[in-house]
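Asks: Predicted model and sequence below, questions to follow.
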Amino acid sequence: MASRSGTVIADASAPLELKENTVIVVLGASGDLAKKKTYPALFGLYRNQFLPKDIRIVGYARTKMDQEEYLRRVRSYIKTPTPEIEQQLDEFCRLCTYVSGQYDKDESFLALTQHMEELEKGRPETHRLFYMALPPSVFAVVSQHLKRCCYPTKGICRVIVEKPFGKDLASSRELQASLAPDWKEDELYRIDHYLGKEMVKNLLILRFGNSFMGATWHRHHIDNVQITFKEPFGTEGRGGYFDEFGIIRDVMQNHLLQVLTLLAMERPVSFSAEDIRDEKVRVLRAMAPIEPKDVIIGQYGRSLDGTKPSYKEDDTVPKDSRCPTFCALVAYVKNERWDGVPFIMKAGKALNEQKTEIRIQFKDVTSGIFKDIPRNELVIRIQPNESVYLKMNSKLPGLSMQTVVTELDLTYRRRFSDLKIPEAYESLILDGLKGDHSNFVRDDELDASWRIFTPLLHYLDDNKDITPMEYPYGSRGPAVLDDFTASYGYRFFDASGYQWPTTSAAPIPNKL
Ligand code: BG6
């Protein structure tokens, strides 16, 4: 395939096929996740002709509503900037139907089956994909009913499950044990939507498809790694859920740890799901549990100008909450490649900007001819504005021998200006339809990841005298943050005055 972006010379994806005769059931169809993510992703796939032609989409939830109201909700989060897209949305809506029912009643699920059978009439086989966009309290009961009442007699059955997968190792195992009798591991698709993000999916290609990266990807050359997640908004009405989980469970134990494993894993034997996940699990098993001495936690207060509320001013949050909305912590991978390299993970809500990125700081160059030359840094920007840039020292053009920090820059918007970057959920739902598990979380992976975080989480839950440091809404986080990262070896070269020239992100106009 050739495009303005270049010719595709190798395709690392698994050759799996989409199943025709499939019904997708979105359980929790009236909820936020379904409206904001699942349906827009399904529509994105439909619009780009990635769904099998005969696909049918059934919404299922407790809310009693008619087809008209259901479609109004489906449409509410889908943008239709052109009449063509508006027309495609009309066509998409014709594939969607709704069944209202309880989450714990056989008769409700039997009614769902009856509805599916109507849609499946005349089909030689019946494949069913159940997407559980549900609160964890009903995962187990819904899963049992699906197995008992809705399992297809001739066809494939798959279940996509959304996080949270428990709150610690014990509850995750409990949840796992409640799903295990009904579903084989290869029928279960545990979503961590970070694994569907374009740049996260690129990590394996960047690392293993470029020999110069492979050559430097080692404790001999890398001094420290930072994985940063920043959001510029607070909980804003979602405090009920968030307060029970906190930033460590919400973002770090899953999304950021997944990124870490892809950064740290060894070369897989192949791109098959099991080969990739085997290597990821090996990394997790080589990690020691996070120690409280390697952690700082924060909670946002009011913004300095007083316009934004503190976390505790959110009505859905208890007034004495100790829940961290910010955390920076350091993890170590104790193997030959990474021993001693700190992986600094930082995540926070109500910060100064929106950004998820990986920053790999290389070791100092040999001293002697240079006094204090900045370190190289490889920055992989996951979002927004996907990019990869390498901060590199160069001679400042001119008659002196002054050095300057420059960059080798791959900014997607410039380099791939004619390609659309799919939403994470589009990519993952498509994988689910194809039966590709590579970007879903395996049971042993989940177990190993909780093992790393559980002692810390219990320590923070149990020690009531530990309170998070307050930081202003809209700031960079707690004041001690820079000292914290510096104490693990990260060097910020203030004097270089370097700023990544984000203006280069603007598309380059075609030269005629
Ligand atoms: C979710 C968390 O899993 O990820 C949210 O529950 C967070 O708190 C979200 O906002 C971030 O996802 P994204 O794709 O917007 O970076």
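Replies: Arrived safely.

Asks: Does Met392 lie in a helix or a strand, and which?
Replies: Secondary structure from DSSP states H and E places Met392 in strand 387-395.

Asks: the inter-axis angle of the helix or strand following that strand versus strand 387-395?
Replies: Proceeding C-terminally, strand 387-395 gives way to strand 403-411 as the next helix or strand, assigned by DSSP H and E. In terms of direction (axes from the mean of the first three to the mean of the last three Cα atoms, to 10 degrees), strand 403-411 departs from strand 387-395 by 160 degrees.

Asks: please renumber so the chain begins at 59
Replies: Got it, the first residue is 59 from now on, which makes the last one we talked about strand 461-469.

Asks: Which elements pack onto strand 461-469?
Replies: With contacts defined as 3 or more Cβ pairs under 8 Å, 6 or more residues apart in numbering; DSSP states H and E, the secondary structure elements packing on strand 461-469 are strand 445-453. Quick note: C-beta positions are derived from backbone N, CA and C, even for glycine.

Asks: other SSEs contacting the strand it packs on?
Replies: Taking 3+ Cβ pairs under 8 Å, 6+ apart as contact, the helices and strands that strand 445-453 lies on are helix 256-266, strand 435-441, strand 461-469.

Asks: Partner strands of that strand, with direction?
Replies: Based on DSSP bridges, the strands next to strand 445-453 in the sheet, each with its direction, are strand 435-441 (antiparallel), strand 461-469 (antiparallel).

Asks: any idea of the mean pLDDT for the shortest one?
Replies: Just to be clear, that refers to strand 435-441. Model confidence over strand 435-441 averages 98 on the pLDDT scale.

Asks: Show residues contacting that strand.
Replies: 252, 255, 257-258, 261, 264, 317, 412-420, 445-449, 558 (Cβ atoms under 8 Å, 6 or more residues apart in numbering).

Asks: Next, the angle from it to helix 256-266.
Replies: Orientation note: strand 435-441 sits at an angle of 150 degrees relative to helix 256-266 (the same axes, to 10 degrees).

Asks: Repeat that for the longest one.
Replies: Comparing the axes of strand 461-469 and helix 256-266 via the same axes, to 10 degrees yields an angle of 120 degrees.

Asks: Contacts made by strand 461-469 with the rest, please.
Replies: 428, 431-432, 443-454, 551, 554, 556, 558-559, 562-563.

Asks: Buried ones from those, can you make that a PyMOL selection?
Replies: Burial among the contacts of strand 461-469 is assessed by 16 or more other Cβ atoms under 10 Å; the matching PyMOL selection reads:
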select buried, resi 432+444+445+446+447+448+449+554+556+558+563
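
Asks: and stretch 113-131, average pLDDT?
Replies: Along stretch 113-131, the predicted confidence averages to a pLDDT of 95.

Asks: Go through that stretch and flag the buried ones.
Replies: Ile113, Arg114, Ile115, Val116, Gly117, Tyr118, Ala119, Met123, Tyr128, Leu129, Arg131.

Asks: Now do the end-to-end distance for it.
Replies: Between the start and the finish of stretch 113-131 there is a gap of 20 Å, counting by Cα to Cα, to the nearest Å.

Asks: right, and the secondary structure at Leu387 would be what?
Replies: Following DSSP: H, G, I helix; E, B strand; the rest coil, the label given to Leu387 is strand.

Asks: for it, what are its contacts?
Replies: Taking Cβ under 8 Å, 6+ apart as the contact definition, Leu387 lies against Ile306, Met310, Ile348, Asp352, Val353, Ile354, Ile402, Met403, Leu514.

Asks: quick one: which of those is nearest the ligand?
Replies: Minimum separation from the ligand among the contacts of Leu387 (Cβ to the nearest ligand atom) is found for Met310, which lies at 10.6 Å.

Asks: Could you report the neighbour count for the closest one?
Replies: Look at Met310: counted by other Cβ atoms under 10 Å, it has 26 neighbours.

Asks: how about Lys205, phi and psi?
Replies: phi -60, psi -40 (degrees, to the nearest 10).

Asks: Isn't Gly117 up against Thr155?
Replies: Yes: proximity of Gly117 to Thr155 meets the contact threshold set by Cβ atoms under 8 Å, at 7.3 Å.

Asks: which residues are common contacts for the two?
Replies: Common neighbours of Gly117 and Thr155 (criterion: Cβ under 8 Å, 6+ apart): Tyr128.

Asks: Flag the shaky bits of the stretch 59-208 of the chain, pLDDT-wise.
Replies: Per-residue confidence for the stretch 59-208 of the chain (pLDDT under 70) gives these ranges: 59-77.

Asks: the helices in it, which residues?
Replies: In chain order, the stretch 59-208 of the chain shows helices spanning 90-91, 97-105, 125-134, 141-151, 164-178, 197-208, with DSSP state H, counting those that start in this stretch as the criterion.

Asks: Can you tell me which of these is most buried?
Replies: Ranked by average neighbour count under the criterion mean count of other Cβ atoms under 10 Å, those are headed by helix 97-105 at a mean of 22.

Asks: So what touches it?
Replies: The set of residues that contact helix 97-105 without belonging to it, under Cβ under 8 Å, 6+ apart, is 82, 84, 109, 113, 115, 132, 135-136, 143, 146-147, 149-150, 153, 480-481, 483-484, 486-488.

Asks: Check stretch 499-506 too.
Replies: Contacts with stretch 499-506, where a contact means Cβ under 8 Å, 6+ apart, come from 223, 227, 230-231, 234, 243, 246, 248-250, 253, 312, 316, 319, 335, 338-339, 342-343.
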